[in-house]
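Have a look; sequence and predicted model below, questions after that.
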Amino acid sequence: MHRRLLKLILFLGLMMTAGNVFAQPFDLIVPGEESPDTLSHELRALQAIERDIAIEKLTREPTRLEAYIELGELRLSQGKLEEAQRFFEMALEIQPKNMNANQGMVMVHYHKGEFNLARSRMDVVHKFYPLSDQLKEEVEKYRMNLQNQAVLGSTIREDDRGIRDIVSSIEGVFPSGEMKKLTGRYRYEAWSHEDNNQRETSQIYSATMDYRADRNTSLSLTWAPEIFSNDDSVGGYSAQFVAGTDNLKTSFRGGKATFKENLFTLRNRYAEEFKSFSLFGDLHQRTRAIQTITLADISDGNSRRRWDSELIHSIFRRSEPFLTANLRVYQASYEKQRYNDDTLLDYWAPSDFKGTELMLAWERAIGASWWWGLDTSVTANSYRFGSDETIYDSGAGATIHLSYRFPNGSFYVSLGDRLSGYFRERRLEAYGSVTF
């Protein structure tokens, strides 16, 4: 009897001891401090470090650097690339070598399709944080796979003059693997131009070399001949050079292209040689000004002059972009409005065309991948053509657009109706891009 009672007491004591052991959290079951095992001491040291870090994160206020990085990562996950870039840049102003902020900028440039900038930023990261040879090889393979991009799109435009243009295009972008600042672009466009039940078709084959010396200096050269249905052609080309500082840049652009005012200018293969000069910069963190002057000579002996002044301002609400306001004032004038026999030209060539346009753009995210937006505009124009009488025209317009972004590309579609020049136009656009 006593032996059975003693065995029962010993069994219950053993069960209680085991119960206390198994009830402990896993991370508390470590050898005691008196254990001579080296691994045990390392485990205890690691646990003490992790516990201190966790307690510090819970008890202290986050620094500005950490707050900017966390906000940047949040905006990046939501697809708000401009806001993400702004927060990462503010973090880099505090600590230029910060790994997380630099990696965030790499992903922003990648999702925006700015592969040269993404690659340059990765080079900065590698400079600050050297990689092993094997990891460098893997990263280089990854970078090369992200370089190439294909864009497929279509635009349908029609206006109240009875003109309809349908343009289908496919473009390939191929940054150079050897010369990191050089990118090649190859584009094909199929044009269908309809004017009051008459039609003209053409094709444009273009090749562009983009050279970006740094974030403020770039050069683009394009060869773009346009071939018509009867094998006639217009040898189009263009060149653009941009240089300046972070706050102020200048742009020079010149070239030659088909003068597509209407079916008459197309069938007579009119061409236009143009030159433009632009000066643009930031007046404020949220305000940009642009001034452009354009001079052009048409192959029939006419010429035109135009200047545009533009002011772009971002309106924030609760520290987030809410609206973008765009105010544009412009003036254009053609040297000739009549032929030598005093009859009016067969294309619109006003002697004094003036206008003002105010546009408000609003865009919002739907989850992390979808975006939609609405652009509204109010335009007022005046011009003279063929007489001393000044004609006034005004109207409102709107464009709605939707875009979807996925890891290897994006899709964009828009539909709009607005006043353009002296006529109203309706435009439908759809584009898709993919990286490979």
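Sure, I can see it.

use CA for all of it now, contacts and neighbours both
Will do.

where does the stretch 51-200 of the chain have low pLDDT?
For the stretch 51-200 of the chain, applying pLDDT under 70 flags the ranges 51-62, 113, 115-116, 126, 128-147, 177.

Assign a three-state SS to T265, would you?
helix (DSSP: H, G, I helix; E, B strand; the rest coil).

starting at the chain centroid, how far to stretch 326-341?
32 Å (CA atoms, centre = their mean, to the nearest Å).

Extract the C-alpha trace of stretch 228-238 and format it as PDB.
Output in PDB follows, covering the C-alpha atoms of stretch 228-238 (Å, rounded to 0.1, in the frame of the first residue of the first chain):
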ATOM      1  CA  PHE A 228       3.800  56.300 -98.800                       C
ATOM      2  CA  SER A 229       1.600  53.800-100.700                       C
ATOM      3  CA  ASN A 230       3.100  54.800-104.100                       C
ATOM      4  CA  ASP A 231       6.700  54.400-102.800                       C
ATOM      5  CA  ASP A 232       7.200  58.100-102.400                       C
ATOM      6  CA  SER A 233       9.000  59.000 -99.200                       C
ATOM      7  CA  VAL A 234       9.900  61.900 -96.900                       C
ATOM      8  CA  GLY A 235      13.300  61.500 -95.200                       C
ATOM      9  CA  GLY A 236      12.400  62.400 -91.600                       C
ATOM     10  CA  TYR A 237      15.000  62.900 -88.900                       C
ATOM     11  CA  SER A 238      15.500  64.700 -85.600                       C
END
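
Let me see the ranges of the helices in the chain.
2-22, 38-59, 64-77, 81-94, 99-111, 115-128, 133-147, 263-267 (DSSP state H).

neighbouring contacts of the fourth one?
In this structure, residues lying in contact with helix 81-94 by CA atoms under 8 Å, 6 or more residues apart in numbering are 64-66, 68-69, 71-76, 98, 101-102, 104-105, 108, 111-112, 320-321.

What subset of those is buried?
65, 68-69, 71-76, 98, 101-102, 104-105, 108, 111, 321 (16 or more other CA atoms under 10 Å).

quick one: the residue nearest the centre of the chain from L74, how far?
Nearest residue to the geometric centre of the chain (CA atoms, centre = their mean): K112, 4.7 Å. The gap separating K112 from L74 is 16 Å, by CA to CA, to the nearest Å.

And S168, by the same measure?
37 Å.

E171 too?
Taken as CA to CA, the span from E171 to L74 is 32 Å.

Next up, the contacts around T294.
Contacts of T294 (CA under 8 Å, 6+ apart): 274-277, 305-307.

now those in CSV, with distance to P350?
Shown next, in CSV, are these (distance: CA to CA, whole Å):
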residue, distance to P350
F274, 18
K275, 20
S276, 20
F277, 22
R305, 11
R306, 11
W307, 14
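
In PyMOL, select just the buried ones from the residues you listed.
Only the buried entries of the contacts of T294 go into this PyMOL selection, using 16+ other CA under 10 Å:
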select buried, resi 274+275+276+277+305+306+307
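
Skip the chain neighbours and tell me the closest residue to the residue nearest to the centre of the chain.
L81 (7.4 Å; CA to CA, 6 or more residues apart in numbering).

For the stretch 201-350 of the chain, give me the ranges with low pLDDT.
Using pLDDT under 70, the flagged stretches of the stretch 201-350 of the chain are 318-321.

per-domain residue ranges of the protein.
2-59, 64-145, 148-435 (automatic domain parsing).

how about the strands in the stretch 301-436 of the chain?
Secondary structure of the stretch 301-436 of the chain, counting by DSSP state E, counting those that start in this stretch: strands at 303-317, 320-334, 353-366, 370-383, 391-406, 409-420, 423-435.

how about these in CSV, adding distance to T265?
Shown next, in CSV, are the strands of the stretch 301-436 of the chain (distance: least, CA to CA, whole Å):
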stretch, distance to T265
strand 303-317, 14
strand 320-334, 15
strand 353-366, 20
strand 370-383, 21
strand 391-406, 24
strand 409-420, 19
strand 423-435, 18
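
To E158, which of those strands lies closest?
With CA to CA as the criterion, E158 lies closest to strand 423-435 of these, at 5.5 Å.

Return the list of strands paired to the closest one, each annotated with direction.
Looking at strand 423-435 with DSSP bridges, its partner strands are strand 149-159 (antiparallel), strand 409-420 (antiparallel).

Just the angle for that strand relative to helix 99-111, thanks.
With axes from the mean of the first three to the mean of the last three CA atoms, to 10 degrees applied, the angle from strand 423-435 to helix 99-111 works out at 120 degrees.

okay, the angle between strand 423-435 and strand 391-406?
Going by the same axes, to 10 degrees, strand 423-435 makes 20 degrees with strand 391-406.

per-residue confidence at R405?
Listed pLDDT for R405 reads 84.

what's the nearest residue to it if we skip its chain neighbours?
Going by CA to CA, 6+ apart, R405 has S369 as its nearest residue, at 5.1 Å.

cool, and S251?
Closest to S251 by CA to CA, 6+ apart is V242, at 4.4 Å.

so who does that neighbour touch?
216-219, 249-252.

quick one: which of those residues sit in strands?
Among those, the residues falling in strands (DSSP state E) are 217-219, 249-252.
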